[in-house]
Structure formats: C-alpha cells, structure tokens
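> this one's sequence-less:
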C-alpha cells in the first residue's frame, strides 16, 4: 500500500503483544552469580569499592543487596547514590595539553553494575524468548550471526 500523508501511524506498527515484561524479585543466588561474573578490577567508582573487594566479602553483602535491589523493583525507585559515576579523562593521542586528545570514561558504582546486569539479562531473555527484537538488530546482542 502506498504511503498517504493522512495515514494513521498505527498502520506501520506490528500488532500488540498479549504478554508483557514483569520484573520478579531478585534472588540471592542471582546476586551471587553476578558477583562471580564481575571482572577482576582494581579500579573503583565513586563508592571506592572495587570488584575484588566485593567478591571477597560477597557473603556479607548478598543479603543487604538482595533487600535493596528488591525494594528498588517494588518501589520503582533506583537509589540516588547508585546513579553517581566517577568520570576520568583518558589520554588518546596527540598534544597532552589539548582537551581534544582525551576521552572521558565513567567508573560506575559496582553495586549498580550488579543490579544493571541482572535486569539486563532478564530483559534480554524476555525480548529473545518472545521474538521482539527487530530481525536486523545485531548490536549489543550476544551470539547473533548476521545473514
């Protein structure tokens, strides 16, 4: 059908889905698994805690994180302290005195990374399982082969 200027935008959208994404409570096991997956780094974000330290003391941290993460899901509020990043300039190449030769990197709070990773895995699983991704969406997806 050729495009007509007065066509309703809904004509171009796929049909609505009957199912929706529901974020269930996060388990202590999920938190434990995500802590184990953290890359071993000595750099730390604004919380001054690195991944090695969190891994070492994970047995003491899982219960409080479990409570905070699930409270965030049920309330719909992400803790403000987990939104803060430490931004550092990293030298690329060229004149050291020129601002343009540096790029910013953001060091995030490690607890924020754990929470984000759990939610990302769940959302990605939902999008793949229900075949919601656009067929040519390849970026930011694991193990997807382009035809």
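Noted; the coordinates are in hand. This is a predicted model, so every value here is computed, not measured. Numbers count the residues shown, from 1 in each chain.
> okay, CA-based contacts and neighbour counts for the rest of this
Will do.
> And stretch 11-26, what's buried?
For stretch 11-26, a neighbour-count test (16 or more other C-alpha atoms under 10 Å) marks residue 26 as buried.
> Ends of that stretch, what's the gap?
Terminal residues of stretch 11-26 lie 38 Å apart, using C-alpha to C-alpha, to the nearest Å.
> How far does that stretch sit from its chain's centre?
19 Å (C-alpha atoms, centre = their mean, to the nearest Å).
> quick one, what contacts residue 103?
With contact taken as C-alpha atoms under 8 Å, 6 or more residues apart in numbering, residue 103 is in contact with 89, 90, 91, 92.
> now with 10 Å?
Residues near residue 103 by C-alpha atoms under 10 Å, 6 or more residues apart in numbering: 87, 88, 89, 90, 91, 92.
> which residues does it form a beta bridge with?
When bridges are called by DSSP bridges, residue 103 pairs up with residue 90.
> What separation do you get for it and residue 16?
For residue 103 relative to residue 16 (C-alpha to C-alpha), the value is 42 Å.
> Report pLDDT for the most centrally placed residue in the chain.
Closest to where the C-alpha atoms of the chain average out (C-alpha atoms, centre = their mean) is residue 116, at 3.8 Å. The score at residue 116 is 94. That number is its pLDDT.
> Residue 11 too?
With respect to pLDDT, residue 11 scores 79.
> do the same with residue 123
Looking at residue 123, its pLDDT stands at 88.
> Regarding it, what is its secondary structure?
Here residue 123 takes the helix state, with states given by DSSP: H, G, I helix; E, B strand; the rest coil.
> shift numbering so it begins at 57
Done: numbering now begins at 57, and the last item shifts to residue 179.
> residue contacts, the closest residue to it other than its chain neighbours?
Sequence neighbours aside, residue 77 is the residue nearest to residue 179 in space, at 7.4 Å (criterion: C-alpha to C-alpha, 6 or more residues apart in numbering). Residue 77 sits next to 178, 179, 182, 183 when contact means C-alpha under 10 Å, 6+ apart.
> for this structure, what spans make up the strands?
Remark: strands assigned in the chain by DSSP state E are 141-147, 158-164.
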